[in-house]
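**Q** need a structure here:
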Amino acid sequence: MGAANKVPGVSGGIVAFVAGFYEELIYSLHKINFKAIAILFKYGWSPFFKYINGRFLTLLFSGVIISYFSVSLVLDYLIEQFETQVLAVFFGMIIASLYFVYYELEKWNLKTILFFLIGLIIGLLIMFSKPLTENEGSLFVFFCGIISVCGMTLPGLSGSFLLLLLGNYSLLLVDAVNAIYYTIGDIFDLNFGFLQDSSRMKLLQLSAIFTIGSIAGLIFFSNILSYVLKNYHQITIATIVGFIGGSLGVIWPWRDKVYKQSEGGEIIYNSIGNPIIAYYDYILPNIKSTNFWFLTLFIILGVGIVTLLERYGVKKK
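**A** Now for the predicted structure:
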């Protein structure tokens with residue numbers, strides 16, 4: 001989930017859904033509330049840990065955190081060097097996810113079709129939205145943290161793509177994460193020179209604000225989703241199918257980056273020196289080209305990965 005959440009257009013929630021622990025995730029997060037705090041102070045750590053399904057959450061978020069400083073670094077490199085192939089793999093994963101989530105619906109009726117269309121339209125509207133300008137303001141970064149966890153709690157709605165639309169993807173999911181990684185390495189080497197590095201300290205400050213916003217967003221969205229899953233399960237699943245269908249366009253592998261430019265036509269860079277993406281130019285593939293069939297193999301690989309995850313999830317149920 002940690003790796004998937006970093007790819008614009010891919011939802012970490014899809015991993016949870018296909019692997020069979022999505023609802024357990026939502027219900028566990030829902031239990032992090034005032035009642036849990038009361039249990040902690042009245043009865044101690046052990047009852048509190050059991051009440052919130054602590055073992056599950058600890059294992060899950062440990063994997064997410066470890067991924068951000070291991071798998072995600074590898075993924076950053078792969079996206080930089082082989083972006084189209086990586087997108088093709090995730091495109092295949094989303095196609096397979098759509099297939100498996102579709103069969104979570106017991107039956108189609110007028111209500112489920114309506115909410116499927118609502119999810120699909122929202123997904124398409126997000127796809128065709130234009131990104132905002134990068135913003136380092138504390139309140140805006142906190143808001144980005146709240147929005148970014150959508151990808152973890154709602155399959156098909158990519159939190160990282162929303163960050164891209166908000167203009168802060170490179171700042172918060174690349175530069176800030178790398179700053180944390182390098183800072184941890186410096187601390188282990190007893191090198192505290194980064195304290196004098198204003199750019200590094202700014203990124204660490206933004207990381208802290210972003211993390212607090214993410215935690216707040218997780219609790220907020222999980223409470224809403226827990227309620228709708230319990231009371232409106234089928235239409236919630238239908239909406240998720242629509243979201244995933246809409247997100248297919250977001251991760252379309254045949255596309256070109258268009259960078260933000262000044263009035264003079266020069267590419268605009270952020271404060272860390274990375275070019276700011278203005279939008280993606282989606283193109284149709286040439287089925288006669290070798291590149292088309294090469295990327296198709298990567299799409300099939302993505303389908304295979306999700307199929308294996310689904311089989312594992314079914315065995316664990």
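**Q** what helix or strand is the closest residue to residue 22 other than its chain neighbours located in?
**A** Counting by CB to CB, 6 or more residues apart in numbering, residue 22 lies nearest to residue 16, which is 4.2 Å off, once chain neighbours are set aside. Quick note: C-beta positions are derived from backbone N, CA and C, even for glycine. Using DSSP states H and E, residue 16 sits in helix 12-19.
**Q** and if you look at residue 80?
**A** Residue 80 belongs to helix 71-102, assigned by DSSP H and E.
**Q** in that helix, what's buried?
**A** 72-73, 75-76, 79, 85-102 (16 or more other CB atoms under 10 Å).
**Q** cool, stretch 138-153 as well?
**A** By 16+ other CB under 10 Å, the buried positions in stretch 138-153 come out as 140-153.
**Q** flag every buried residue along the helix or strand encompassing residue 201.
**A** Using DSSP H and E, residue 201 falls within helix 198-231. The neighbour-count check on helix 198-231 (16+ other CB under 10 Å) flags 200, 202-204, 206-207, 209-210, 213-214, 217-218, 221-222, 225-226, 229 as buried.
**Q** what segments of the stretch 151-300 of the chain are strands?
**A** Assigned by DSSP state E, counting those that start in this stretch, the stretch 151-300 of the chain shows strands spanning 255-259, 277-282.
**Q** which of those has the lowest mean pLDDT?
**A** Ranked by mean pLDDT, the strands of the stretch 151-300 of the chain end with strand 277-282 at the bottom, a mean of 68.
**Q** surely residue 166 touches residue 136?
**A** No - the pair residue 166 / residue 136 is not scored as a contact, 12.0 Å apart, by CB atoms under 8 Å.
**Q** give me the more crowded residue out of these two.
**A** residue 166 (22 against 16; other CB atoms under 10 Å).
**Q** ok, that one - contacts?
**A** Each residue near residue 166 by CB atoms under 8 Å, 6 or more residues apart in numbering is listed here: 131, 132, 135, 140, 143, 144, 147.
**Q** so where's the stretch 201-317 of the chain uncertain?
**A** Residue ranges of the stretch 201-317 of the chain with pLDDT under 70: 247, 270-274, 276-280, 309, 312-317.
**Q** nice, that's everything, thank you.
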